[in-house]
Every structure is written in structure tokens, then in C-alpha cells.
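**Student:** Mind looking at a prediction? Sequence and model below.
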Amino acid sequence: MADVEEKKVSDLTPDVKNANKGTERGEAILEHSLQQYGAGRSILLDREGRIIAGNKTAGKAGEIGIEDVIVVKTDGNTLVAVQRTDLDLDEPRARELAFADNRAGEVDLAWDHGALLEAMNDDSISLDALWTDEEMQTLLEQTQQPEKGIKPNPRNLPIDAIFTLSTSSGVYCCMACRAGMSYGIQSPRSPCKFSDVQEAHKVQFVDNEYVNYDHQKHLDFVTAIRPKYATTRDLMSVEQCQEAEIPFYEYEQVMDWAAEISEVAENVIIIPKYAKVLDKIPPEYMLGYSVPTSHGGTPLPAEAFKGRRVHLLGGSWAAQLSYMAELGDDVLSFDNNYILKQSLFASFVLKDGTTKTLTDVGLEEGDVTNPSYVAFAISCGAVAAGVNEIYGGAASAEEQDPDLSGQADDR
């Protein structure tokens, strides 16, 4: 005979780590079902009366006035069935309840990716039977992009806005520095000649070529530059490396490389691309979040990076603004090359991330002889203005080094 106890719904304790955040639509369906058909499916408790499954049902039942709960105590070897004496499956109300039960479960599921990541990094919990690595990766990718159009909240910390150039050709880096941005480069490319003579034009960020990563070349380049920020090879899973057709390196190997780079760079940026390594990365390293584009990105939700010092790698200015809004003061720096790509099509950005073309502002073909330079200059000024508006207090390149103007014009 099963041990039965009568309690109040208010006596039950919700699961504070419930991985289902629920949805507004699902909550409405659940409320409708409880009010229209009454309670059906049982919920599941642990020995202390904490809810293992059915948190949403118990919460909504209490809200609409269902106060009583019958607790059937079992060790899991007996199936517990709730028999409704007022329902007949051949009648419409019972059949509607069957649909409502399934529909509520379908619509009210919204995974809390932070809770999933926490469970994945807990060696005592195994989710392997529920998701394959590929299924979990797909699940995490589904919500990696923050809501578009949201703006960052004003910060209390400074931020480094960096224009990263893979080559030293053109005057783009000089224009970016004139606008107040810092200068970054991909190793082992040759930096601009003015980086050695102008403090505002010094290379502050060195990225690596992760597809063809050569650690010794990268280390030698970073050693020569000694930048404020430097990345090391991305932390990628075996499957990710196989898909990209690049070598796989163990976590320990990448950490050894990071330790070497930390001797010659002020901040080392580790770029994790899969969840299981996130909690292993020592706090002395920054985390790099590769802003998703059509060419890829970090396949993890940005919320997993909260609480760490973060550098945003690439992506559009609009997307970077969204990630700054989500991560707040955790973002210490970002680099952008996207504005250069846009300028090649005579497109530029405004400080709020809006994209426009020179034609939009009345400049037709032939009105200027160097449309990409014009568009790029506008974007640099807009990004710098956006950073100033959000974070405040950043000095322009001319204020930092008045001689930069003449030097850049001679380029």
C-alpha cells in the first residue's frame, strides 16, 4: 500500500535550477488547461518535497487557486497514476485535456542555456543519453544571438575599440586611429610603419590565423610587438576541427601556448568554441567571443561568458552593440574589421549600428573619387562616437597625439 499524504501546494519547494524557463504562450495554455479541465498529470518531488518535474504546473496551480496536493510516496519501482473519476476518454472534455496536456508541454519548453551549461560542466551529471554532442551544440546555437537592436547600458569601465587589419596596405588603420580607435593586426603580418613612431598608432591587439596556426611564428610576432591584447589558438572540439579541416589541439596544449604568450602580452585572450572547456579556463585569461557572421562564430550563448572579462571578436557594429548590451561591463574590448568590408561597397554605419550607403546621403557615383575611404572614415567616426556615447570619456587620437594628423596625411 502506497504511503499517501495530503499537503498544500504552498508547502512544495520549486527547483531553483529548473532548466526550463517556460514561455509566455506556454504559460497561457497551461493556465487555460488547469482552469478548463482541472489538474491531470502528476508532478514529481524529491524526498525533501522539492519539485523535480512539474515546476510550471505547481506554480500555475497555486496562482489560480488549486491549493491541495496529494503526495504519493514511492521509491520509483511503482508507477503512479492519477485517475480522474469525472472524465471519460470517449467524451470531448477528456479528449481536449489530452491535447492540452501535450500542447502545453510542447509550447512551454524554453531551455535555460545557463543551466544546461552548468550541468554539462558538472562531472557528476550526465546528459549523454538525452543529447548527442551534435544535438547539444545545435541547441546552444539556437539562442546565441542577442535580440537585435538593443542598446548597451552605460558602463562604468573604459573599453578598447580596435580596428583590426590583416595587411598593412592602404591608409585605413591611420584613419581609424585618427577617429580615436586603436590598431590591431593579424600575425604574422607587417604592421603599419607609423605604429613604431606614434603612440596612438601602436599595435594594441594581435590576433592569430587559427586555420593555419603556427604557434612559434605567432609567439615571435607577439614578442616583437608586446601588445595590450593577444589571442591564442581557438579551443575547438575534435568534431569542430574535423568539420573545419584543421588540426585538433588538446586543452592542455592551448593553455601551454597561452602561458607563453602571457609573458609578452598584457592580456591573453582564449577563444572557447565548445561548452565543456569554459569553466576550466583560468580567470587570469580573458575570453574571446567570436561574434557570429555568415562565416561562423562562437556557437555558444553569450550568457555563458557572463562574469568573465570578454573581448568581442569581429562581426558587424550592430551585432557588437547587441552583445555589449547583453554582457555589460564584462566586455573590456572589441575589434572590428567589418566596417572596412562595408566600405568597399560604399556603405557605412551610424553610431547606433544602422547601415547606410553614400547614395542614401546624396552622394552619387562620380561625386567622390574614393568612395570606400569616405565610407570608411564615416564608419570609424561613428563607432568612436558610439563608444564615447555609451562609455564616455574616451579621448580622440588627436588629443592623445597632436602630431598624428600630419603623419597620417603623409602616408
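**Tutor:** Received the coordinates, thanks. Quantities reported herein were computed from a predicted structural model and do not represent experimental measurements. Numbering: from 1, shown residues only.
**Student:** mind giving me the domain ranges of the chain?
**Tutor:** Listed by automatic domain parsing, the domain ranges of the chain are 3-110, 160-409.
**Student:** now the residue nearest the centre of the chain, nearest residue through space, not along the chain?
**Tutor:** Most central in the chain under CA atoms, centre = their mean is Ala302, positioned 1.9 Å from the mean C-alpha point. Taking CB to CB, 6 or more residues apart in numbering as the measure, Ala302 lies nearest to Glu326, with 5.0 Å between them; neighbours along the chain are not counted. Placement of C-beta: from N, CA and C, glycine included.
**Student:** Just say helix, strand or coil for the one you found.
**Tutor:** Assigned by DSSP: H, G, I helix; E, B strand; the rest coil, the conformation of Glu326 is helix.
**Student:** And it, how close does it get to Gly22?
**Tutor:** Note on Glu326: its distance to Gly22, by CB to CB, to the nearest Å, is 20 Å.
**Student:** thinking again about what came up before, which of the domains of the chain sits closest to Ile125?
**Tutor:** domain 3-110 (10.7 Å; CB to CB).
**Student:** can you give me the end-to-end distance of that closest one?
**Tutor:** Start and end residues of domain 3-110 are separated by 34 Å (CA to CA, to the nearest Å).
**Student:** average model confidence for it?
**Tutor:** Per-residue pLDDT values across domain 3-110 average out to 90.
**Student:** Report the distance from that domain to the chain centre.
**Tutor:** Averaged C-alpha coordinates place domain 3-110 at 34 Å from its chain's average position (CA atoms, centre = their mean, to the nearest Å).
**Student:** With stretch 268-278 instead?
**Tutor:** Between the mean C-alpha position of stretch 268-278 and that of its chain there is a distance of 12 Å (CA atoms, centre = their mean).
**Student:** Mind listing what's buried along that stretch?
**Tutor:** Applying a neighbour-count criterion of 16 or more other CB atoms under 10 Å, the buried positions in stretch 268-278 are Val268, Ile269, Ile270, Ile271, Pro272, Lys273, Tyr274, Ala275, Lys276, Val277, Leu278.
**Student:** Please dump the domains of the chain into JSON lines; it should also carry distance to Leu127 for every row.
**Tutor:** Formatted as JSON lines, those follow (distance: least, CB to CB, whole Å):
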{"stretch": "domain 3-110", "distance to Leu127": "10"}
{"stretch": "domain 160-409", "distance to Leu127": "11"}
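**Student:** Would you mind saying which of these lies nearest Ser126?
**Tutor:** Nearest to Ser126 among the domains of the chain is domain 160-409; the distance by CB to CB comes to 12.5 Å.
**Student:** just checking, what packs against the top helix by length along the chain?
**Tutor:** Among all segments of the chain classified by DSSP state H, the helix with the greatest residue count is helix 371-391. Taking 3 or more CB pairs under 8 Å, 6 or more residues apart in numbering; DSSP states H and E as the contact definition, the neighbouring helices and strands of helix 371-391 are strand 160-165, helix 172-179, helix 317-327, helix 338-343, strand 347-349.
**Student:** neighbours around Lys356, how many?
**Tutor:** 17 (other CB atoms under 10 Å).
**Student:** Please read the previous query as pertaining to Gly381.
**Tutor:** For Gly381, the count of nearby residues is 20 (other CB under 10 Å).
**Student:** What of Asn153?
**Tutor:** 10.
**Student:** returning to that earlier point: so for the residue nearest to Ala302, what pLDDT did the model give?
**Tutor:** According to the predicted model, the pLDDT of Glu326 comes to 90.
**Student:** I'd like to know how far it sits from Thr23.
**Tutor:** Taking CB to CB as the measure, Glu326 and Thr23 are separated by 19 Å.
**Student:** These two - which one has more neighbours?
**Tutor:** With neighbours defined as other CB under 10 Å, Glu326 and Thr23 compare such that Glu326 has more, 19 against 15.
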